[in-house]
Every structure is written in C-alpha cells, then in structure tokens.
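S.K.: here is a sequence with its predicted model. Questions after.
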Amino acid sequence: MRSPLAVIAFGGNAILKAGERGTQEEQIRHTDEACDLMSQIVQRGYELILVHGNGPQVGNILIQMEEASIKVPPFSLDVCVAISEGSMGYMLERSLRNNLRKRGMNKEVACVITQVMVDPRDPAFENPTKPIGPFLTAFRAQQLKKEKKWPMIEDSGRGYRRVVASPIPERILNIEVIRSLIKEGICVIAAGGGGVPAYYDAHENVKGVDAVIDKDYTSSLLAAQLKADLFVILTNVDQVAINFGKKSQKNLFKVRVKDMQRYFDRGHFPPGSMGPKIKAALDFIESGGKEVLITSSKELLRAMRGLTGTHITR
C-alpha cells in the first residue's frame, strides 16, 4: 500500500517577503521556516511534492538583466524562469534535506527543472496582461518596445513595465520523471513558478516561450495527473471567505465542490486574488481529485487535523 501523496503549492512571497531587501540570507531563513513545516508533513506519513511561486524572484532576475544589459546580453523570460527554479529549488532542497535529517528521516530530495507545455494559439498570447520585471522610464520602454516588440503598459504611476501572456498549462513534460521519483520515496520540488513555459514547433521540437504560467494551475494539473490524495494551496489567509471585507463576510470551512463552483460563478473570488486558487482547486476535484485544502502556512498543521482551513471535497 502506497503512502498518501500531498502536493503543496506556496507563493514566492513566502520566501521573499514584502518590505525586505530580498537578500540571500533573508530568503534562506524563510526557506528554512517553510521546510521545517514541510518536514512535519512528511513525518505524518505523506510523500511530498512542493511547488513554489517565483514572482518576486524572477522579477529581481529581470531587474538584474536590465541593469547589466549594456555589459551582458540578457536572457529570455523562459530562461529567467528556469534560473529561478534552479536557485530556489537548490535552497529548498538543501533546507528540506536538513530538516528531514533533524527529524530522523533519511529521505532523498530532488529538484526537477520542469517544462510545462502550452498552446501557442492560447488567446492569452493575443492579450498579454501579466506585468513583469522592473519599472522603466517612458524612453526605455519605447526603446524596448521597438527593439524587442515587447508590449508595455504604464503601471500605477510608477513607470512602464513589460506585460506577457499567462497561458493555461496543458501538459507537464517531465511528469514521468516526477512520478518515478515519488515511487522511490523521494521528496520532489517541481514546477517552480508554474514551470518553464514551452511549446512544440512544426517539427515537434520543444521551444521556450516568453510567458508565465500560474503556479496554482500547474500545481492542480500536477496533482491530478499524479492522483494526489491531498492538494494544498498555501495563501495569506487561514480560510477562504465569501463576501470578503463586508459585514456579511463568511469564512468557509468544509465545502462541497458544487457549492464552491456556485460561489466562484457568482464572482466571490476576484481574478487578481483568490480567483486562480479556487479555479485550480475546482479543476483538481473535477479531474478526480479527493480533497483540496486552502489555508495559511501558520495554520497548515491544524488544518490537516481538520480544525481550520477551507476543505473542498467532492
């Protein structure tokens, strides 16, 4: 009988927090905090797949690329996503290995740089909306728009930023590698930042594409394909709420998938905040998944005991 499998997704802000400088030391400290928690999940008998976000990290990599562009040729966005997968995966792998050892578990940990296939005809490519990278002057934005054909927007009075597509993930290219590692009892860090976006060209060659993929959507696809027993989405609230911020706000504890779908259809979860997480949860359940848990990292252990969090089931 196999051990239950948990796929846990958490944002890049858990490692690089708002208001901090984002130094390596700060990020390693937060990585240790996260992995102390994850090692406790493994101690409870779960096989583990971690999917991390990378928004702040890949943003910083793009700033570094821009600042050094007159000295070092910058990389494309797909390569920058892969860089963030490697650097963050390294920190998580090292920390998780150390935390497992402290708890008496001699388990292996592996990071998989994950390519995720998208459809180059996805409508998202016709209407890029995801701002990324540094804030630029109007002159520099116009220069890059002309040289690289990048769409640019003015962002909240702070300058101009590049916008890219955020297509829907269709296939995880490395899925069998991840499946094999899990079968061997290895903890896996995969699909960081939603994975490196790629597509097949006319000759069936894999090509990278300048885009970003929502990590919750990729996590949902990964959890469904591996038939995970539990899909966990960590966020900054202990429970999902309807009528959020109003006097009629109601926190959700145990919710059937059809009721959550009704709340979603009625617009309770905006696209810029909880919307993608709820959509990812619904997709997982509709693909045959058993349970989704949405909660904060500080309440995760209590939520897994059924004391808090939002539990979405069939």
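M.R.: On my side now, so go ahead.
S.K.: check the offset of the longest helix along the chain from the chain's centre.
M.R.: Longest helix in the chain, counting residues (DSSP state H): helix 77-102. Computed by Cα atoms, centre = their mean, to the nearest Å, the separation of helix 77-102 from the middle of its chain amounts to 13 Å.
S.K.: in it, what's buried?
M.R.: Buried residues in helix 77-102, defined by neighbour count with 16 or more other Cβ atoms under 10 Å: 77-78, 80-85, 87-89, 91-97, 99-100. Heads up, the C-betas are built off the backbone N, CA and C, glycines and all.
S.K.: quick one, domains of this structure?
M.R.: According to automatic domain parsing, the chain comprises the domains 5-121+168-313, 128-164.
S.K.: same list (those domains) but as JSON lines, adding mean pLDDT.
M.R.: Below are the domains of the chain laid out as JSON lines (pLDDT from 0 to 100):
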{"stretch": "domain 5-121+168-313", "mean pLDDT": "95"}
{"stretch": "domain 128-164", "mean pLDDT": "88"}
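S.K.: now the helices for the chain?
M.R.: In the chain, the segments counted as helices under DSSP H are 24-43, 55-67, 77-102, 138-148, 175-183, 215-225, 257-265, 275-286, 300-304.
S.K.: out of these, which one sits most buried?
M.R.: Most buried of the helices of the chain by mean neighbour count (mean count of other Cβ atoms under 10 Å) is helix 215-225; its value is a mean of 26.
S.K.: what is that helix packed up against?
M.R.: In terms of contacts (3 or more Cβ pairs under 8 Å, 6 or more residues apart in numbering; DSSP states H and E), helix 215-225 is packed against strand 5-10, strand 47-52, strand 171-172, helix 175-183, strand 230-235, helix 275-286.
S.K.: distance to Pro131 added to those, as JSON lines?
M.R.: Putting the helices and strands packed on helix 215-225 into JSON lines (distance: least, Cβ to Cβ, whole Å) gives the following:
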{"stretch": "strand 5-10", "distance to Pro131": "22"}
{"stretch": "strand 47-52", "distance to Pro131": "20"}
{"stretch": "strand 171-172", "distance to Pro131": "26"}
{"stretch": "helix 175-183", "distance to Pro131": "30"}
{"stretch": "strand 230-235", "distance to Pro131": "21"}
{"stretch": "helix 275-286", "distance to Pro131": "16"}
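S.K.: and of those, who's closest to Ala198?
M.R.: Of all the helices and strands packed on helix 215-225, it is strand 171-172 that lies closest to Ala198, at 9.5 Å by Cβ to Cβ.
S.K.: quick one: residues in contact with the closest one.
M.R.: Residues outside strand 171-172 that contact it (Cβ atoms under 8 Å, 6 or more residues apart in numbering) are Thr114, Gln115, Val116, Met117, Ile178, Ala191, Gly195, Thr218, Leu221, Leu222, Gln225.
S.K.: at 10 Å what do you get?
M.R.: 112, 114-119, 178-179, 190-191, 195, 198, 200, 218, 221-222, 225-226 (Cβ atoms under 10 Å, 6 or more residues apart in numbering).
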